[in-house]
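S.K.: Next come a sequence and a model predicted from it.
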Amino acid sequence: MLTIVLVLLAGGWLFHEFSTKPAISAISGLNTYNFLFLMLGALLHWRPRSFLDAVARAVPTTTGVLIQFPLYGSIAALMTTVKGTDAQTLAHHISTFFVQIASHDTYALLMGVYSAILGFFIPSGGGKWIIEAPYVMQVATDLNYHLGWAVQIYNAAEALPNLINPFYMLPLLGVLGLKARDLIGFSFVQLLVHTPLVLFLLWALGTTLVYTAPVMP
């Protein structure tokens, strides 16, 4: 069912793409080209597990990047794209929600916990930043919080879930022939120790920095 739903959604987008643009223009875009073949591969394999296993055999050290990053890009587009001049982006609504529940003093703790939790589901620092950046930085601006430190809050908190989901170690695991479960027993203890320490330092050091408004061109 997951494959069918995903391919139907992809087919709808591809139909719109080819019906609103010349065929040569639509297919020449690298994103469209990659997307078309990813969806075709998923459909021909039918089951997600079969598709992922085939990709893992073909490109064992970069499987996660090749499959996940196109999805991250599409999520980012959904977050930042609107139709119509009066509409607000999804990122705007999320940032408004965080501004309502956070303050200048609680920003570091709130965004640190949020970023760490989201990291369990999106185990990629770059892909996750594409999704989070529009509203994380907007919240910091609205609360007059130091923007450079807001980025560092993301960096530090986002690294915590890597102790459970070691995305950063995929190439090394492939070379050594290990599984993530071979390391989690050791890294989980580090997660328990570092989480309160990291969150405290993010809050404490953030109180020493003064907000400077960004310079608009």
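M.R.: Thanks, I have the structure now.
S.K.: does residue 183 really touch residue 164, like I thought?
M.R.: No. The criterion here is Cβ atoms under 8 Å, and residue 183 misses it with residue 164 at 9.7 Å. All C-beta spots, glycine's among them, are computed from the backbone N, C-alpha and C.
S.K.: Name the residues contacting each of the two.
M.R.: By Cβ atoms under 8 Å, 6 or more residues apart in numbering, residue 183 and residue 164 have no common neighbours.
S.K.: got any ranges where this structure has weak pLDDT?
M.R.: Counting by pLDDT under 70, the ranges of the chain that qualify are 61, 64, 82-87, 91, 121-127, 166-168, 170, 180, 216-217.
S.K.: quick check: domain ranges of it?
M.R.: Here the domain parsing of the chain from automatic domain parsing is 1-58, 71-217.
S.K.: Take the ones you listed and lay them out in JSON lines including mean neighbour count and distance to residue 65.
M.R.: Formatted as JSON lines, the domains of the chain follow (neighbours: other Cβ atoms under 10 Å; distance: least, Cβ to Cβ, whole Å):
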{"stretch": "domain 1-58", "mean neighbour count": "13", "distance to residue 65": "11"}
{"stretch": "domain 71-217", "mean neighbour count": "15", "distance to residue 65": "8"}
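S.K.: Look up how far residue 161 lies from the spatially most central residue of the chain.
M.R.: Centroid-nearest residue in the chain, with Cα atoms, centre = their mean: residue 128, separated by 2.0 Å. Separation of residue 128 from residue 161 (Cβ to Cβ, to the nearest Å): 10 Å.
S.K.: what touches both of these two?
M.R.: residue 119.
S.K.: I'd like the distance between residue 49 and residue 7.
M.R.: Residue 49 is 16 Å from residue 7, by Cβ to Cβ.
S.K.: same check, this time on residue 177
M.R.: Relative to residue 7, and taking Cβ to Cβ, residue 177 is found at 34 Å.
S.K.: I figured residue 35 hits residue 10, correct?
M.R.: Yes. Contact criterion Cβ under 8 Å: residue 35 and residue 10 qualify, at 6.8 Å.
S.K.: quick one: residue 134 and residue 80 touch, right?
M.R.: Yes. The pair residue 134 and residue 80 qualifies as a contact (Cβ under 8 Å) at a distance of 5.4 Å.
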